[in-house]
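*Asks:* Okay, predicted coordinates and the sequence, questions at the end:
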Amino acid sequence: MSAFAKIKAIQNSLSSSESKLAEYTLSSPAALRDLSSQQLASAAGVSQSSVVKFAQKLGYKGYPAFKLAVIDALSKKNQQHARLHGEITLDDDFNAMADKLLAAKINVLTETRNLNEKDAILDAVRLILNSHRILMAGVGGSALVGRDFSYKLQKLGLNAIADTDSHMQLAQAATLTADDVVIAISESGNTNEVLRVIQEALRNGCKVISLTRYGKTPINHLAHIELYSVAECEPARLSSIHARTAQNLVIDLLFIALIQASAEGRATLTRTNQAFERLRQS
């Protein structure tokens, strides 16, 4: 998981000292090669203890591990091809707008991929395959992502439930058991309606898979398996676009991994595809 992706994902929730360290790391990552924790603290204008706490907040044991992660991320970043950066403005012509949007989407997809570890995806696959019912929880655009995922799961013969009405989601959660799973989708990680669905499901011993922004959020705090999506800090008109782009990548990763893991699912998918082929030919 890229150190840069971690920092960007939690940047809006950092303290003043942490924000200074985040900004310094993102703007001058190469400088960390030669800096001790005390030197980084001085350069960023914070205390040495803040550096250690910042590293630990990102999931590293201490500054040395954080420093190595930044150097590794920088090396990988330098190997990538240069791409267009910049916020889309009203003055952009169509080509500039399209190129910027494509570049932003590629970045969101890359960072979302880097945030999700193999083990978490495979754990989620096993939980989904062993569940009797799979309930999607989400509102707005996240509910639409959940509905799309439910369609994919149904093609594999899995009992997936998706309703865009949050009251219906809550009612369905009340009927779940320990044999079921909730997939909770929320870019912010603190959507109140989704939290209520999770809390109701947990009362019945149900398992929860969360798909939220990286960092400590109320929703992933309650989840048994945490998956992450990234939406860059963009104006409101673009943040929802990037959020859906990232969420769709994660559900597609799960869907392909489910196909790979389940021979029964592959057989069912073949039958559903054949049914659609007959429909097209009629």
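*Replies:* Now that the structure is in, tell me what you want to look at.

*Asks:* for the helix or strand harbouring residue 269, which positions count as buried?
*Replies:* Using DSSP states H and E, residue 269 maps to helix 263-281. By 16 or more other CB atoms under 10 Å, the buried positions in helix 263-281 come out as 265, 268, 269. Bear in mind the C-beta positions are built from the backbone N, C-alpha and C, glycine included.

*Asks:* Nearest residue to the second one in space, please, no chain neighbours.
*Replies:* Nearest-residue entry for residue 268: residue 157, 3.7 Å, with adjacent residues in sequence omitted and distances by CB to CB, 6 or more residues apart in numbering.

*Asks:* Does the one you found touch residue 270 like I think?
*Replies:* No - the pair residue 157 / residue 270 is not scored as a contact, 10.8 Å apart, by CB atoms under 8 Å.

*Asks:* Would you agree residue 177 falls within a helix?
*Replies:* No - secondary structure of residue 177 (DSSP: H, G, I helix; E, B strand; the rest coil): coil, not part of a helix.

*Asks:* Quick one: residues contacting it.
*Replies:* 132, 204, 205, 206 (CB atoms under 8 Å, 6 or more residues apart in numbering).

*Asks:* ok, it to residue 7 distance?
*Replies:* Computed as CB to CB, to the nearest Å, the residue 177 to residue 7 distance reads 40 Å.

*Asks:* next one: residue 190
*Replies:* In terms of CB to CB, residue 190 sits 20 Å off from residue 7.

*Asks:* and those two? which has more neighbours close in?
*Replies:* Taking neighbours as other CB atoms under 10 Å, residue 190 and residue 7 compare with residue 7 leading, 24 against 15.

*Asks:* Tally up the residues packed near the spatially closest residue to that one that is not a sequence neighbour, please.
*Replies:* Beyond its immediate neighbours in the sequence, the residue positioned closest to residue 7 (CB to CB, 6+ apart) is residue 22, lying 5.0 Å away. By other CB under 10 Å, 20 other residues sit near residue 22.

*Asks:* Make sure residue 22 is indeed in a strand.
*Replies:* No - Residue 22 is assigned helix when assessed by three-state DSSP, not a strand.

*Asks:* The residue nearest to residue 266 when sequence neighbours are not counted: what's it in contact with?
*Replies:* For residue 266, ignoring the flanking residues on the chain, the nearest one in space by CB to CB, 6+ apart is residue 259 at 5.8 Å. Listed by CB under 8 Å, 6+ apart, the contact partners of residue 259 are 156, 265, 266, 269.

*Asks:* Do I have it right that the second one meets residue 152?
*Replies:* No - using CB under 8 Å as the test, residue 265 is too far from residue 152 to be in contact (10.4 Å).
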